[in-house]
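Asks: could you work out the structure for the sequence below:
(one chain, ligands or ions: 2)
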Amino acid sequence: MVDDFLTRLPKAELHLHIEGTLEPELMFALAERNAITLPYADIDAARAAYDFRDLQSFLDLYFLGMSVLVGAEDFHDLAMDYFRRAAAEGVVHVEMHIDPQAHLARGVPLAEVMDGLVRACDTAREELDLSSAMILAFLRDKPAEDAMALLEQAKPFLHHFSAVGLDSAEQGNPPSKFRDVFARARELGLARVAHAGEEGPPSYIREALDELDVCRIDHGVRVVEDMELMERLADEGMVLTVCPLSNVRLKVVERLEDHALPRLLDAGLMITLNSDDPAYFGGGMRDNFAACQTAFGWSDDTLRWLAGNAIEAAFMDDTRRTELLTRLASA
Ligand code: ADE
Ligand code: ZN
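Replies: Ligands and ions are numbered 1, 2, ... in the order given. Coordinates of the predicted model:
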């Protein structure tokens, strides 16, 4: 393990899609295990195809890639593969979005998904000192009724989930579409997070706050277009899970140097750094921290503050939070 400041910094990752951690090497291994033919000649060809115009062009390959995940063992291997890489770069806590609708649509039962992932989370805690939480994500480009049906279907597994989330194609699928589903999730005792303001307008961020009662906004970077909303987020201490390398790869911004991050920090927002879909966007947590350090010239204190925000905002018990904050102070 490289012993440098960015690796030593105990990093909690609050915005990660577990299906987006599927590296081409494992994708090909699982394709062989499950006798699935991929539309890529080889691993290099898969990586070469990861040249995205926008969110949708990424989602097309993201859903294609996850078609190799069939049984519990596949989900277990997916998560363990990621946890090992993450732990080696100093990630101490991972909150994973899971997209069950994408698996159910392929005939993969939720029990298979959960069996594999829960086992991997248990092993990561014991062997890697890596804690985790799960977020039940709804695909926002599908009908709200489907999301409600998933929430009902997930009842036997809800004790594994800390929150519900909202992901997939944002434009034209406003948070308000899921008002009833999120209200039900709240009744069931689940916290709420939602992707908003990645490609969608600032009004989607406002809707997520007012209609879904979220405790975090995933991405949220388009808030810079609305000064009043920016002030509100700062006043409310709302957490934004920003994904710098993702924003560059999905052309939310042209270059990292153009990113709104410095303005968001100046405005006093509770920013965290995250990797989103590291297998597709060219880097994990350490890479995201390093890219920002280079692009914005951030000091160690700023990077430590960002890492601290994530630990403060994470779904974890107070014993673990105190332990990680103590580790952070001496990093
Ligand atoms: N699903 C996986 N990654 C996503 C992203 N960056 N935005 C929306 N949905 C996603
Ligand atoms: Zn995301």
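Asks: count of residues packed around the closest residue to ligand 1 within the stretch 151-300 of the chain?
Replies: Using C-beta to the nearest ligand atom, the closest approach of the stretch 151-300 of the chain to ligand 1 is made by Asp167 at 3.6 Å. Where C-beta positions appear, they are placed from N, C-alpha and C, glycine not excepted. Residues lying near Asp167 (other C-beta atoms under 10 Å) number 26.
Asks: now do the contacts for it.
Replies: Contacts for Asp167 (C-beta atoms under 8 Å, 6 or more residues apart in numbering) come out as 17, 97, 99, 137-140, 195, 218.
Asks: same question for Thr272.
Replies: Per C-beta under 8 Å, 6+ apart, neighbours of Thr272: 12, 14-15, 239-242, 306, 309-310, 313.
Asks: go with 7 Å
Replies: Neighbouring residues of Thr272 by C-beta atoms under 7 Å, 6 or more residues apart in numbering: 14, 239-242, 306, 309-310, 313.
Asks: can you pick out the most distant pair from those?
Replies: For the contacts of Thr272, the farthest-apart pair by C-beta to C-beta is Val242 and Ala313; their separation is 12.3 Å.
Asks: show me where the stretch 151-300 of the chain has its strands.
Replies: Under the criterion DSSP state E, counting those that start in this stretch, the stretch 151-300 of the chain contains strands at 161-167, 191-196, 216-219, 239-242, 270-273.
Asks: and the stretch 1-150 of the chain, by the same measure?
Replies: Using DSSP E, counting those that start in this stretch, strands in the stretch 1-150 of the chain cover 11-17, 91-98, 131-139.
Asks: neighbour count: Val242 and Ala313, which is higher?
Replies: Neighbour count, other C-beta under 10 Å: between Val242 and Ala313, Val242 has more, with 29 against 21.
Asks: pairing partners for the more buried one in the sheet, please.
Replies: Beta-bridge partners recorded for Val242 (DSSP bridges): Leu273.
Asks: might one say that it is in contact with Val221?
Replies: Yes: between Val242 and Val221 there is a contact at 6.2 Å, judged by C-beta atoms under 7 Å.
Asks: near ligand 1, which residues of the stretch 101-250 of the chain?
Replies: 167-168, 195, 198, 246 (C-beta under 6 Å from any ligand atom).
Asks: now Asp4: how far from Gly284?
Replies: Relative to Gly284, Asp4 is positioned 15 Å away (C-beta to C-beta, to the nearest Å).
Asks: which of those two has more neighbours?
Replies: Taking neighbours as other C-beta under 10 Å, Asp4 and Gly284 compare with Gly284 leading, 24 against 11.
Asks: circling back: between the contacts of Asp167, which sits nearest ligand 1?
Replies: Closest to ligand 1, out of all of those and judged by C-beta to the nearest ligand atom, is His17, at 4.0 Å.
Asks: tell me the pLDDT of the closest one.
Replies: For His17, the pLDDT comes out at 99.
Asks: count of neighbours near it?
Replies: 25.
Asks: make sure it is actually in contact with His97.
Replies: Yes: the criterion here is C-beta under 7 Å, and His17 meets it with His97 at 4.7 Å.
Asks: who touches Glu73 in this structure?
Replies: Residues near Glu73 by C-beta under 7 Å, 6+ apart: Gly116.
Asks: switch to 10 Å and redo it
Replies: 30, 33-34, 112, 115-116, 119 (C-beta atoms under 10 Å, 6 or more residues apart in numbering).
Asks: what do you get for Asn173?
Replies: Taking C-beta under 10 Å, 6+ apart as the test, what Asn173 contacts is 139-142, 144, 166, 195, 200, 204.
Asks: neighbour-wise, which one of those residues leads?
Replies: His195 (30 neighbours).
Asks: just checking, it touches Tyr204?
Replies: Yes: applying C-beta atoms under 10 Å, one finds His195 in contact with Tyr204, separated by 8.8 Å.
Asks: shared neighbours, the two?
Replies: Shared contacts of His195 and Tyr204, defined by C-beta under 10 Å, 6+ apart, are found at 140, 166, 170, 173, 175, 217, 219-220.
Asks: neighbours around Pro109, how many?
Replies: So Pro109, with other C-beta under 10 Å, has 14 neighbours.
Asks: show me where the stretch 1-150 of the chain has helices.
Replies: With helices called from DSSP state H, counting those that start in this stretch, the stretch 1-150 of the chain shows them at 5-8, 24-33, 43-49, 55-65, 72-88, 100-104, 110-128, 144-153.
Asks: mind putting those helices into a markdown table with distance to Lys251 and mean pLDDT?
Replies: What follows is those, written out as a markdown table (distance: least, C-beta to C-beta, whole Å; pLDDT from 0 to 100):
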| stretch | distance to Lys251 | mean pLDDT |
| --- | --- | --- |
| helix 5-8 | 26 | 97 |
| helix 24-33 | 22 | 98 |
| helix 43-49 | 16 | 98 |
| helix 55-65 | 9 | 98 |
| helix 72-88 | 25 | 98 |
| helix 100-104 | 23 | 98 |
| helix 110-128 | 31 | 98 |
| helix 144-153 | 27 | 98 |
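Asks: need those helices in TSV with distance to Tyr280, can you?
Replies: Output for those, formatted as TSV (distance: least, C-beta to C-beta, whole Å):
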stretch	distance to Tyr280
helix 5-8	22
helix 24-33	10
helix 43-49	9
helix 55-65	6
helix 72-88	13
helix 100-104	15
helix 110-128	19
helix 144-153	24
